[in-house]
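J.: Need coordinates for the following:
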Amino acid sequence: MKKCITPNSLFDSRPYGFSQIVIAEPGKMVLISGQVAWDENLNIVGDGDLAVQTEKSLQNLKTAIEVAGGTLEDIVMLRIYKVNYQREDGPLISRLLKKYFGTENAPASTWISVQGLANEAFMIEIEAQAVI
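T.: Take a look at the predicted model:
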C-alpha cells in the first residue's frame with residue numbers, strides 16, 4: 001500500500017491537501033489522463049466556476065480510479081494544471097483536495113500554472129498516478 005511522510009525539515013503540506021512524500025509498494029501502476037469538467041456527453045460542468053470545475057474533475061478522477069479497480073486512497077501522485085493560477089485559487093483547490101483525499105494520506109502533488117488547456121473553457125485539469 002502507500003505510506004505518506006512529512007519530514008520536519010519540509011513544510012507540513014497536509015493542511016493544503018497533499019503529502020510531501022508518498023512511498024508505494026509494488027502493485028499495478030495506474031496512470032490516469034488529465035480529468036477536466038466534462039461530463040460523459042462532453043458538456044462542460046461549471047463553465048466559469050473554478051469550484052464546480054475542480055469538483056467535477058475530482059469526481060471524474062474518482063470514477064476513473066474505481067473503473068481501474070482502485071480507490072482514491074490508491075492515488076500516489078497528482079499533477080494539477082490551473083489556467084492562470086492566482087493566489088486565491090489555492091484555498092479553493094486545497095479545500096476540495098482535502099474533501100476527496102483527507103489530510104493524513106493524501107497523494108503527493110505538483111501544481112502548475114498554464115496559459116490554457118485543450119478547451120478554452122477549462123479552468124483546471126487533474127491527472128493522477130496510482131498503485132493498486
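
J.: start to end distance for stretch 84-91?
T.: Stretch 84-91 has its terminal residues 15 Å apart, counting by Cα to Cα, to the nearest Å.

J.: what about it, average pLDDT?
T.: On average, the pLDDT along stretch 84-91 is 97.

J.: looking only at pLDDT, what's the mean for the helix ranked longest in the chain?
T.: Ranked by residue count, the top helix of the chain under DSSP state H comes out as helix 50-67. Helix 50-67 carries an average pLDDT of 97.

J.: Can you name every helix or strand that it contacts?
T.: strand 29-35, helix 89-101, strand 124-131 (3 or more Cβ pairs under 8 Å, 6 or more residues apart in numbering; DSSP states H and E). In short, each C-beta sits where N, CA and C put it, glycine included.

J.: Can you say which of these is nearest to V22?
T.: Closest approach to V22 among those is made by strand 124-131 (9.1 Å; Cβ to Cβ).

J.: So in that sheet, which strands flank that closest one, and in what orientation?
T.: Strand pairing for strand 124-131, using DSSP bridges, gives strand 29-35 (antiparallel), strand 75-83 (antiparallel).

J.: most packed of the helices and strands packed on helix 50-67?
T.: strand 124-131 (a mean of 23; mean count of other Cβ atoms under 10 Å).

J.: how about the strands paired with strand 124-131 in a markdown table, adding distance to A64?
T.: Below are the strands paired with strand 124-131 laid out as a markdown table (distance: least, Cβ to Cβ, whole Å):
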| stretch | distance to A64 |
| --- | --- |
| strand 29-35 | 5 |
| strand 75-83 | 10 |
